[in-house]
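In: Predicted model and sequence below, questions to follow.
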Amino acid sequence: MRRNCGHTVYLRTLDKALEDASSFNFDNVAVSAGFDGHARDLASLSLKKETYYEVGLRIAALSKPTFFVLEGGYSATNLGEDIDSFLKGFEQKN
């Protein structure tokens with residue numbers, strides 16, 4: 001993804017990837033949960049906590065057993081809120 005791609009482009013790309021992945025018969029979902037795409041973090045994709053909430057919703061919509069592994073996220077200022085938003089989105093569907 002391009003630097004500063006933003007919320008809309010990121011979610012559109014994720015939707016396409018999840019659509020492609022759903023054509024496979026998989027039993028579990030492993031999420032490499034990186035948060036360094038936040039606007040003020042290392043990868044800076046210009047994402048915000050609302051983006052991570054939406055990502056959580058989309059992952060939960062797969063309705064498969066899921067586990068998460070924390071990856072990037074280097075800005076202590078945003079990391080907690082981003083993780084919280086992601087998990088709230090995931091829990092919303094479950």
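Out: Thanks, I have the structure now.

In: can you pull the buried residues of stretch 35-44?
Out: Neighbour-count burial for stretch 35-44, with 16 or more other CB atoms under 10 Å as criterion, is recorded at 35-39, 41, 43. Heads up, the C-betas are built off the backbone N, CA and C, glycines and all.

In: model confidence over that stretch, on average?
Out: Averaging pLDDT along stretch 35-44 gives 87.

In: So what touches that stretch?
Out: For stretch 35-44, contacts defined as CB atoms under 8 Å, 6 or more residues apart in numbering pick out 1, 3-4, 10, 34, 45-49, 51-52, 71-75, 77-79, 82-83, 86.

In: Only the buried subset of the residues you listed, as a PyMOL command please.
Out: With 16+ other CB under 10 Å as the criterion, this PyMOL line picks the buried residues out of the contacts of stretch 35-44:
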select buried, resi 10+34+45+46+47+48+49+51+52+73+75+78+79+82+83+86
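
In: Out of the buried residues of stretch 35-44, the closest to Q92 would be?
Out: Nearest to Q92, judged by CB to CB, of those is F35 at 18.4 Å.

In: so what's that closest one closest to, chain neighbours aside?
Out: Closest residue in space to F35, ignoring its immediate chain neighbours: G73 at 3.2 Å, by CB to CB, 6 or more residues apart in numbering.

In: Check the offset of whatever helix or strand T8 lives in from the chain's centre.
Out: T8 belongs to helix 7-21 when assigned by DSSP states H and E. Here the centre of helix 7-21 is set off from its chain's centre by 10 Å, with CA atoms, centre = their mean, to the nearest Å.
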